[in-house]
Structure formats: C-alpha cells, structure tokens
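Engineer: I would like to see how this sequence folds:
(chains A, B, C and D)
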Number of protein chains: 4
Amino acid sequence: MSDRIKKVAVLTSGGDSPGMNAAIRSVVRTCAYHEVECIGIHQGYQGMIDDEFTPLDARSVKGIINKGGTFLKSARSKEFRTKEGREKAHNNLLKHGIDALVVIGGDGSFTGALVFNQEFGFPVMGIPGTIDNDIFGTTHTLGFDTALNTVVDAIDKIRDTASSHNRLFFVEVMGRDVGHIALNCGIAGGAEEILIPEEDLGLDRLVESLNKSRKSGKSSSIVVVAEGDKIGKNIFELKDYVDQNMEGYDVRVSVLGHMQRGGAPSCFDRVLASRMGVKAVESLLEGETNYMVGLLNSKMELTPLEMAIKGKTKINLELLRVSDIMST
Amino acid sequence: MSDRIKKVAVLTSGGDSPGMNAAIRSVVRTCAYHEVECIGIHQGYQGMIDDEFTPLDARSVKGIINKGGTFLKSARSKEFRTKEGREKAHNNLLKHGIDALVVIGGDGSFTGALVFNQEFGFPVMGIPGTIDNDIFGTTHTLGFDTALNTVVDAIDKIRDTASSHNRLFFVEVMGRDVGHIALNCGIAGGAEEILIPEEDLGLDRLVESLNKSRKSGKSSSIVVVAEGDKIGKNIFELKDYVDQNMEGYDVRVSVLGHMQRGGAPSCFDRVLASRMGVKAVESLLEGETNYMVGLLNSKMELTPLEMAIKGKTKINLELLRVSDIMST
Amino acid sequence: MSDRIKKVAVLTSGGDSPGMNAAIRSVVRTCAYHEVECIGIHQGYQGMIDDEFTPLDARSVKGIINKGGTFLKSARSKEFRTKEGREKAHNNLLKHGIDALVVIGGDGSFTGALVFNQEFGFPVMGIPGTIDNDIFGTTHTLGFDTALNTVVDAIDKIRDTASSHNRLFFVEVMGRDVGHIALNCGIAGGAEEILIPEEDLGLDRLVESLNKSRKSGKSSSIVVVAEGDKIGKNIFELKDYVDQNMEGYDVRVSVLGHMQRGGAPSCFDRVLASRMGVKAVESLLEGETNYMVGLLNSKMELTPLEMAIKGKTKINLELLRVSDIMST
Amino acid sequence: MSDRIKKVAVLTSGGDSPGMNAAIRSVVRTCAYHEVECIGIHQGYQGMIDDEFTPLDARSVKGIINKGGTFLKSARSKEFRTKEGREKAHNNLLKHGIDALVVIGGDGSFTGALVFNQEFGFPVMGIPGTIDNDIFGTTHTLGFDTALNTVVDAIDKIRDTASSHNRLFFVEVMGRDVGHIALNCGIAGGAEEILIPEEDLGLDRLVESLNKSRKSGKSSSIVVVAEGDKIGKNIFELKDYVDQNMEGYDVRVSVLGHMQRGGAPSCFDRVLASRMGVKAVESLLEGETNYMVGLLNSKMELTPLEMAIKGKTKINLELLRVSDIMST
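Structural biologist: Residues are numbered from 1 along each chain as shown, chains lettered A, B, ... in the order given. Just a heads-up that it's a prediction; the model follows:
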C-alpha cells in the first residue's frame, strides 16, 4: 500500500441511485480498516467548491446500508464546469489535506473527475452509480438491480388490474438512451412488447404484433416502453395511435417515474456497493488513479475513466430474442 | 337460515381492487359451508347478460386469497343499463336456478343491483370493493388499506431521491371525488402539504406554506395531490405555477397511476374480505336483500343499498388537523 | 390549553414495535406546534434514571416516520421497580424542568407510569406500542397492523413451498397471552387451523380436522400457532404428535421470531402513531393525566391507565367463526 | 434444428425455488415458438413413474412468471432410484411419444437425469433450480437471488429490534454445505460476523471479535450463521456459549426457515429462468444431451451434467475479505 494517501474524500454526484449509501459506507470503512482518514463531501462537486466537508468514521455510516438515496446528497454543479470553480474545489481539498477522491456517479460525474485529474494531477477513482446501467466497464451499475425489482413489482400490480379489465397498458420506465431496464423488466413482467431506444420496431409492426397476441387468446397486455424509445414522440401519442388503430382494447398509460430511483437497495446492490468501495479505496492506496471500478465476469476490475465515459454499453441481443420467444 | 336460497351467484363489477379475489373466495366457501351451491359470473353484469356462468366449489378458489385483481374479471356494461339487458340477465339467473346475487363493487355497481332488485324482486347483497373508500356504510372498502400501503411505499421511494437532490415532488394519487387516500398517505408519507377535493387550499397559500417549510430548514418536500383536487386544472399546471412562483426548488411530478389498484391484498383487506363474504351470504340466507355489508365500529353491519349509494363519506377532520401539525 | 406544561418528555419502553418512531415524531412535532419544549429520553425508564436526556425539535425527527424500531431505544429497568430508582428518575425530570411525560409502550410500561404518578403526582400519558394488540382501550396498538402484514407475507412464502411439496407447516407467530396475530394472520394466510391461547382445540380434534381437510382434496396445509397456545408444550412437540398420528403429510415447523417486531410501519400504523402523538400531548396540555390514548370506533379516546392495565382484550368470536368457515 | 425432437417433457425435482415456474413457462413457450409439443410432468420423477402427464401450451403457463414454488410440484422419489422405477418412467415417456426431457432441480435431480440417459439413451437437459447456489457450472442458480433478498429483508427487520434493545442476534439462514446465502446476506445485512461451512472461525475468535466490536461502540450486532456451519453443534448451543462467555449482550436466536424458499421471484431470477428455458429447449433441438444450462460470464453456457454434479462451487474469497473490512 502506498504511503502517499493518508486522507480520502468521497462524494456522490449526478442522479442518485439505491446503493450509493452502501458504497459511501464501504469507502468509509475501508479507509478505517487501512487507518486512512475519510472525509464526506456534501452536494457533489458543488459541495467541493462550497467547502461542505465532514469527517466520517466507521461508526458514522452505521445503519445506512439499507437506505435508498445518498445521505451526502447529490447535485449538478455548473460552477464545476468552469476552471475557476474547479480551482476553488482543488484548494479546498488541499486545505483539508485530502490526497485522493472517490466519485460515485454516472458518466457526467466521471468526466468531471477526469478533467479535474488532468488539471491538478489529483488522484481520482470512480464508482458507477446509476439505475440506467449505461456505463461501460461494468455489467451492473449500482442501483440497476434494485430498480429492476421496483419496476417489476409495479408491473405485477398493473397486470393485476390489466387482466381484471382486459386492458392494454403502456408502462414507461426509465432509460433515455439505453433499454436495459425496459428489456429486463419487460421479460420479467411478461410484457407482450418492449420498446427500447436501440431498436425501432415501427408503429405498424407494434399494432400487428398486438393484434396477433390478441387473437392468440391474450385478453390483456403490457407493453414496456423506455423513456428514450424512438417509436413515437411520447408514450401518450403511442397510446393514441394504438387506440385509433386497434379494436377491442381499452388502452391505458402508466409512467412509473422517480420511484424507480428510490427504495432499499437489493442484496445484490448492497454487496456490489461494498465490493466497489473496497476496490476503489484500495486501488487509490495502491497508487492507481483515473479508473472506474466495475463488475466484469464476477470480479472487481478497473477500467480507465476515459473508456468508461466513451465506451458504449450494448443491449444483450440474446435478451431481445428471449423476449420475442416469451411473448409467443 | 332460509330454505329458499339454494344457489348463490357472485360477480365483481366496476374498477377492481385488491381483496376482490379474497371476497369471492369467502362467498364461495360460505356457500359450501352452508351446503348452498355457488356460481361465479365472469365480466360483471355483462357476463350475466352473456351467460358467462361457472360453478365454483371450495377447492376452485384455492390459492387466490393473496392475488390482486379479480379472477372473475370486471367490466362496465352499457347493456345492463337497458331494461332489455337486465331482462336477459334475469332470464339467465333463472335458467341456472340461481336464487340470490352477491355484487362486489362500488356505488355504480350497487345502483345496478338495486334497480335489478326493484324490477325483478331478485335478492341482492353488496360488498364494497374499491380502493377509494368512498362508500357510505363502511369505514373501509375492500382494497383501501392495500392501496394506502402501495402509495406510501412509492412515496418512501420518491422521498429517497427527493431528499438526495433537494427536490419538491408533487405526487398524484387516486381519488377523483374523495381525498381519503391522499390524506392518509400524505400523513404517512410525511408530506408537507396534502391537496384533496374536499378542501381548496388556494395556490397562494400553497406557495406560502411551501416557502415557510423551506425556511424552517426542510430541503426537500412532498406534496400529495388527489386526482380530483380543485386547486389547479391538473398536477402539471400545479408544478408550473410553483416553478414560477417559488425559488430554490427543483420541482417534479409523479403520477402513481394504476399500480395503486393492484398487488397482494394486505392482511387487513384479506380479513375484511373474508368477513364480508360470510356476512353477505349469511344475510341472503337469512332472507335479507338490498343491503351492503360494511365495517362499522369493528363489526359487520348491513346498510341499505339506497343509503350506501346516496350517502356521502366525509373526510375525517381530525386527520386534516393531524396532517397540519405533523408538517410543523 | 394549560399554561402549566412547558416541557414534555417522551420515552419508549418494553418491547419495541413498528410505529414507535412515528409516535415519537408526532409527540415532538405536536410540542413544536404548541411551542412547548420536548425532550427525548433514551433507553426507557433506565435512561430516565441515568439522565440520558436529549432535546428534540421538529427537524430532529425528520426522516424517521418510516423506520422500524425506536431511535430512543428501549430497555427494561429493574432499578425503576425500586422506590430509589424512581426517585432518581423524578429528580432528573425536575432538574431538566420537565412538566409531563409521554410513555410509549405496553402494559408493563404503563404500570410503571401509573406508580410514578401516584408517588410524585407527575403528569403521565400512555401511547400503546406493542405488536401483540393486547392492551385494553384501543382496537389497535401501534405495530399490530405492520406485524400482521409481515406475518402474512411470510406465510405466503411458506405456502409457496408447502404446496410445491404437499407439506403441512406449523407456523409459530408471536402472542404469548393473546391470539390476535395468529387469528388474523391465520385467516389472511388461508390457514387450515389456528391455535390460540384463548381456546384449547385439543390434539385429537386438530388431527381429525387436518385429516378431514386432507380428504377434501387439500394437498398442503398451514397451521398457524400462537406462541402461547396451550395445546402442546411447544410447536416441535406438536409437530411430533402430528407426525406420529397422521399419514401422508411431510410435517415442518417454522418459527417466525423477532422479524415480526421490525420493518417499516404500514400506512395504518403511521397514521395511528401520528394521531396518538397529537392526542397524548394535547391531553397533557389540557391538564389530563394517567390516561392512555387509544383508537375506539375510529376516534381517539382516553382510557384510564388503570383500566388499560387491568382490562382484558378479548378475541373477536366473529373472527373465530370466519376462520372456521374459510377452512371449509 | 433437429427434426428428431417433436415433443419435450419438463419436470421440477428436489427442493423448490423461486423461478421454477418462470423456467417451466419458458420451456413451454420455447417449445411453442419452435412448434414442438410440450408436456408437463407433475411431482418430479415420481410423476414420471405414475404417469402424471399434462400437455402444456403457451396459454397454459399464463400468469405464473411471478409465482413462487412450482405448479408442477416437486417430490423426492425412492422408486426412481430403482431400475424398475426408471423403466416404468421410460415406458411412460415412450407411450406419450416424448423425445426429450428438461429437468429443473439440483444435483440430486441431475444425477437421476444422467443415470436415466445412460440407461435408456434418452436426451436430457438440466436447469439448475435451488436457492443454495451450490451447483457447478453457473454463477447463479434459479432462486438464489430471490432468497438473498428475502433473507436481507428479514435481517433488516431483525436489526430494527436488535438496535432498539442493544441485542445480539444469531440469524440462521439456509446452506447446509455452502455459505453463499450467509456470506452475501451477511455483507448486505451489515452483520458483524458470518459463520459458514467452508470456514471454521472457532468459538474463541467469535467471542473475541464480538467483544472487539462491542468495545468499538456497536451496541447491537447480527451474526449470520449458515445451517451447515461447523462452529457449534447448532445455533442454540452457539447462543448458549456466547451467553456464558460474553457480558453486556442480550443474545437471541432467529431461524429464518422455509420462508427463504418462497416468494415472487426477483427480476434477476425471472430473466435468468426465461433465458435458461430457451437455452435448454434449443440445445435439445440442436441434438445436445446430458448438459446443464448455466450463467457464466453473463452468457448462457452448457456444462456436462457430470461436471455439474461432481464440481464444487467455491466461496468467493474476495467476499470473505469484504465482509471482514465492512465489520470494521
């Protein structure tokens, strides 16, 4: 272990996700284990600029492993996008004697970390926290698994009422650029169709497919739609189109919204957060910088932040096929 | 017990609610207990017209007490609003030798039952099933308690992300004419304000109250809004108004939608459903008709359908006051 | 409102239950609303003796309405059973200028409060917090509803595996002296038999009933047993007896244990806690003492502590009958 | 695709696990997709002997993806361990014109399948269904992820009451030979110690560790114990030892039991089940036999049944280390 790193700071940035608290806890306890001091920065990069620093010891993160959100809070910071803002932030880190920084967030947050390192040579390490699972270099981002269960639980409830009334529901889930939540939850929720940004099914084929499923004896249906789906301008227009071009269905829309971001993290996300926190701190202590920790082939691995930001995660084509077969 | 009633039919009608399956199960098993035949009618009154009748015995309702929705399905029937439709329905009941009918549903369904009884003298008994709790003659309708827990769970999740980002959320819950869900879930969800159809707070007072709570140190807030709230035309206009008239909050909207109608019924709703089914069947066997069973002062009581339909449930003023004190 | 009461203390005592935190929050906020100071006492009566007092304001109870357990902690105190211990406790209350005390707990805790009042004339008010629902003067104690849902959820899971393997499960639930949890959860969980302390079914009749249900076509069964059931010495002996006296069943035991005490409180318990806290504080401010607040006929009512302690809650005979009919 | 396979049978065998229904559904729908007939066999291998066969089409597995347990039921069969029993079973398969068999179960079930193939040359394919995650050739068995969430939810509840009372809880979870559930849930539940069959910590070191954690300021503790842990004869003896050798803790035991086997499968398990069903059927159609489908490096892979049975899954040493660091 390096002797250079005596004090590590941690912050959460960008959209929150379940497991962020568990990751903070892990960073703090790994520091304590290695007898390194740990400082929590509130409000993400903005708090770094505004000097919102709090020392954290092993006991101060007690009882948070199962809490959604982030007790350090998160914020987007315009000021950190300026050179001046980042200089203030850097000065604060120096003032507090901090030697390295763990950033828990998504690709925007990692871009900030990378720029910060390039300007000041400050050691940084990223932990991928977002429900969207859209970060290259990890098969699972923190919060993804929890969000899947939240969405599937909601779809189960919607199906209860859909099948009692022979209704067709369009259910919108998060995912502006990627369809991971939609695809997994569509399969798990028994959806007839899944609309994702990566694939444009086309309105005609959608109606055709729903008609076919109707004729095969299905009296109710769920279509899971990712926010960023390209088929219609939005889910309400989609509903209108289907209303006008299909008979026999009472069509409804449900937008699941922000509840997808909250809730007690699943076991998977808690374990993942604990592993990632250990790996992040120990990598810094070993002198590494500019990496993101991730889960690859069941192991903790480092991916250069640059690749994590630029790389694209791809939809699993096998899942698309499974979804197709399941809606037989 | 009357000897007249040898065969009882049961149907679910109107919007579905958790606990309907448990109530059907109870009707069926109470019939079995008294050695009376039981027939399930699919698709509500429409199925009565279309002759969708199925014999149900004690074993055929196995494993449904914990399932949301209604396996008999529900539907609205225009045809049943015509004399002709009701005559068809009556003929089908006679054809199957049915002596009495249990209707599980809301006030619209009870109106249908009452008209049906008045025209044909056919014994009918109502069980109040709706999540809205808007039926006179019972402190709790079937599904209300389950919906409360579903909504509160969603608000808890939304609060995780709200407090991580210092956001203000407007959360829309069901309740077109009554604020029972909004009021209870607002209190239980720790909402700063609760907007219900029964009370028009006014936009200015809302903003004033939110500003006050902001100044008192609250960095995030939840406002629970019943669908039928009169303060704005809809929840998105409400958001826009607050966006324009308050500073320092990032305002978001979440419409919980149809997931509120589904899910495994709570213990309370399962027990209530079981009690109501027993009371409904045994009241018919005792020769009663045109009543709704309900929970009053912890006991099963009968209320004339006419009163159940016309009576108004009132918001509990004590709860309004508690909500006010809790958001101190 | 009385001018005498300027400072109110609150403590939790005895076994914890979900909703205690929500009740503390309500006591604190009601004090704030009436501009009365509020002090939290840690560790129940023992903390009153040991001077573990913390001032609580409206913001210090933020984010606890949905947390199980009690953040003030609870403890049993032998010292408080002595005159000397109670004198220490009283001196501490005087030292901190406290004028009245809210005790959240069960009948043991209320006995302590009553003795304390009788000795020192100190105003006390009780809030019934226990999952057992065994307190006279309220139809629901705090935590009862949450525990019911926890137990029913566990029974649903056990039934999944019971019915996959044609097994008979004895499920032990809490309730040493009363069968409220067993009776409600037995009905809601679809149990074949429910064994409660209030009723001794007898081993022979149990086996007879299970055999009958077996013959009627049920391939798996759940028997819910309250801890305090009198039929056998304990649930494992019960299993052995049935194993030896019945054929064709693979018999298993599940003791649900302490998880029944925890978890996020249900909507019902949160609203009840909020109401009880308001009523308790305002009753003290109105000069009342030696009462317990309770829910009776949907309203907040006061019951003398003496009656709350001595009175017996009775099992609802209607529920026993419903349970009998449901297992047809 | 092979033309040889026109009819596929599916059964569940051994202990049930959440996701088995989803896997059956997937097998059935994949058959339908490829226009191959599908037959469900009830009661595992015993039903194969007793000729309990039912044709299943795409619609007959509707609404089961979210149900725990297995609707085909499972059973252990002594008769199938005899040559005679297996011959009966084989004759039944021939009588129904079945060409291949999918077995959903654990290693005992796979041993049966392998013997069956060796004797009769009958094509078989395994899907690993068990909550224990003790099968070689897949990182996750069906039901493991769901069980983890069930256990963690229970531990969260127990922690509520543990921390309210400053108690030490020993929580026993499933895992007779392997500590996967204990290790993951121990980390996710914030346990101070985790006792697993793979590692014998020793009683003295356990007490030493608990004393150390006590002194570091932890007032309550959870120790997660796998059934098969070697440290004590059983969890109650463990409690007694700690009771006698530690001061200041009120020690309790909770045995989670069979509820760990039930419940609606998690999103992860539903997706996994869907993928495994597709892979199993399509592998048979491609002429493969004597394999188990599994998840390896995020992909569906085949492992020879022989290896799946004989291979040992190992505990992840990284997780042991993470657990150690987290309890700092």
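
Engineer: and A:Ile155, what does it touch?
Structural biologist: A:171, A:185, A:188-191, A:222, A:224 (Cβ atoms under 8 Å, 6 or more residues apart in numbering or on different chains). Where you see a C-beta, it was placed from the backbone N, CA and C, and this is true even at glycine.

Engineer: can you dump the C-alpha coordinates of whichever strand or helix holds it into PDB?
Structural biologist: Secondary structure from DSSP states H and E places A:Ile155 in helix A:144-165. Extracted as PDB, the C-alpha positions of helix A:144-165 are listed here (Å, rounded to 0.1, in the frame of the first residue of the first chain):
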ATOM      1  CA  PHE A 144     -29.700  -1.100 -11.500                       C
ATOM      2  CA  ASP A 145     -30.700  -4.400  -9.800                       C
ATOM      3  CA  THR A 146     -32.900  -2.600  -7.300                       C
ATOM      4  CA  ALA A 147     -34.600  -0.500 -10.000                       C
ATOM      5  CA  LEU A 148     -35.400  -3.700 -11.900                       C
ATOM      6  CA  ASN A 149     -37.200  -5.100  -8.900                       C
ATOM      7  CA  THR A 150     -39.000  -1.900  -8.200                       C
ATOM      8  CA  VAL A 151     -40.200  -1.800 -11.800                       C
ATOM      9  CA  VAL A 152     -41.200  -5.400 -12.000                       C
ATOM     10  CA  ASP A 153     -43.200  -5.100  -8.700                       C
ATOM     11  CA  ALA A 154     -45.100  -2.200 -10.300                       C
ATOM     12  CA  ILE A 155     -45.700  -4.100 -13.500                       C
ATOM     13  CA  ASP A 156     -47.000  -7.000 -11.400                       C
ATOM     14  CA  LYS A 157     -49.500  -4.700  -9.800                       C
ATOM     15  CA  ILE A 158     -50.500  -3.100 -13.100                       C
ATOM     16  CA  ARG A 159     -51.000  -6.600 -14.600                       C
ATOM     17  CA  ASP A 160     -53.500  -7.400 -11.800                       C
ATOM     18  CA  THR A 161     -55.800  -4.600 -12.900                       C
ATOM     19  CA  ALA A 162     -55.000  -5.000 -16.600                       C
ATOM     20  CA  SER A 163     -56.100  -8.600 -16.500                       C
ATOM     21  CA  SER A 164     -59.200  -7.900 -14.400                       C
ATOM     22  CA  HIS A 165     -60.400  -5.500 -17.100                       C
END
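
Engineer: partner strands of the helix or strand that comes right after that helix, parallel or antiparallel?
Structural biologist: Proceeding C-terminally, helix A:144-165 gives way to strand A:167-173 as the next helix or strand, assigned by DSSP H and E. Paired neighbours of strand A:167-173 in the sheet (DSSP bridges): strand A:221-226 (parallel), strand A:250-255 (parallel).

Engineer: any chance of these in TSV, plus mean pLDDT and mean neighbour count?
Structural biologist: Converted to TSV, the strands paired with strand A:167-173 look like this (pLDDT from 0 to 100; neighbours: other Cβ atoms under 10 Å in any protein chain shown):
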stretch	mean pLDDT	mean neighbour count
strand A:221-226	96	27
strand A:250-255	94	19
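
Engineer: now render those strands as TSV, adding distance to B:Gly228.
Structural biologist: As requested, the strands paired with strand A:167-173 are exported to TSV (distance: least, Cβ to Cβ, whole Å):
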stretch	distance to B:Gly228
strand A:221-226	27
strand A:250-255	18
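
Engineer: now do the same end-to-end measure for stretch A:65-82.
Structural biologist: From its first residue to its last, stretch A:65-82 covers 34 Å (Cα to Cα, to the nearest Å).

Engineer: going along the chain, name the strands of the stretch 201-328 of chain A.
Structural biologist: All strands of the stretch 201-328 of chain A, identified by DSSP state E, counting those that start in this stretch, fall at A:221-226, A:250-255, A:291-296, A:299-304.

Engineer: got the angle for the third one vs strand A:299-304?
Structural biologist: The directions of strand A:291-296 and strand A:299-304 differ by 140 degrees, with axes from the mean of the first three to the mean of the last three Cα atoms, to 10 degrees as the criterion.

Engineer: what residues sit buried inside strand A:291-296?
Structural biologist: By 16 or more other Cβ atoms under 10 Å in any protein chain shown, the buried positions in strand A:291-296 come out as A:291-295.

Engineer: any idea which element the closest residue to A:Leu319 other than its chain neighbours lies in?
Structural biologist: Nearest residue to A:Leu319, sequence neighbours excluded (Cβ to Cβ, 6 or more residues apart in numbering or on different chains): A:Leu183, at 5.2 Å. Secondary structure from DSSP H and E places A:Leu183 in helix A:180-188.

Engineer: for that helix, list the C-alpha coordinates in CSV.
Structural biologist: In CSV, the C-alpha atoms belonging to helix A:180-188 read as follows (Å, rounded to 0.1, in the frame of the first residue of the first chain):
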residue,chain,number,x,y,z
HIS,A,180,-31.6,-2.2,-20.1
ILE,A,181,-34.4,-1.5,-17.6
ALA,A,182,-37.1,-1.9,-20.3
LEU,A,183,-35.7,-5.1,-21.7
ASN,A,184,-35.1,-6.9,-18.4
CYS,A,185,-38.4,-5.7,-16.8
GLY,A,186,-40.3,-6.4,-20.0
ILE,A,187,-39.2,-10.0,-19.9
ALA,A,188,-39.7,-10.3,-16.1
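
Engineer: by contact count, what packs against that helix?
Structural biologist: Judged by 3 or more Cβ pairs under 8 Å, 6 or more residues apart in numbering or on different chains; DSSP states H and E, helix A:180-188 is in contact with helix A:144-165, strand A:167-173, strand A:193-195, strand A:221-226, helix A:317-326, helix D:267-285.

Engineer: next to chain D, which bits of the stretch 101-250 of chain A? Give me the list.
Structural biologist: Residues of the stretch 101-250 of chain A found near chain D (Cβ under 8 Å from any Cβ of the partner chain) are A:139, A:145, A:148-149, A:151-152, A:156, A:163, A:184-185, A:187-190, A:216-218.

Engineer: hmm, 7 Å instead?
Structural biologist: Neighbours of chain D within the stretch 101-250 of chain A, by Cβ under 7 Å from any Cβ of the partner chain: A:139, A:145, A:148-149, A:152, A:156, A:184-185, A:187-188, A:190, A:217.
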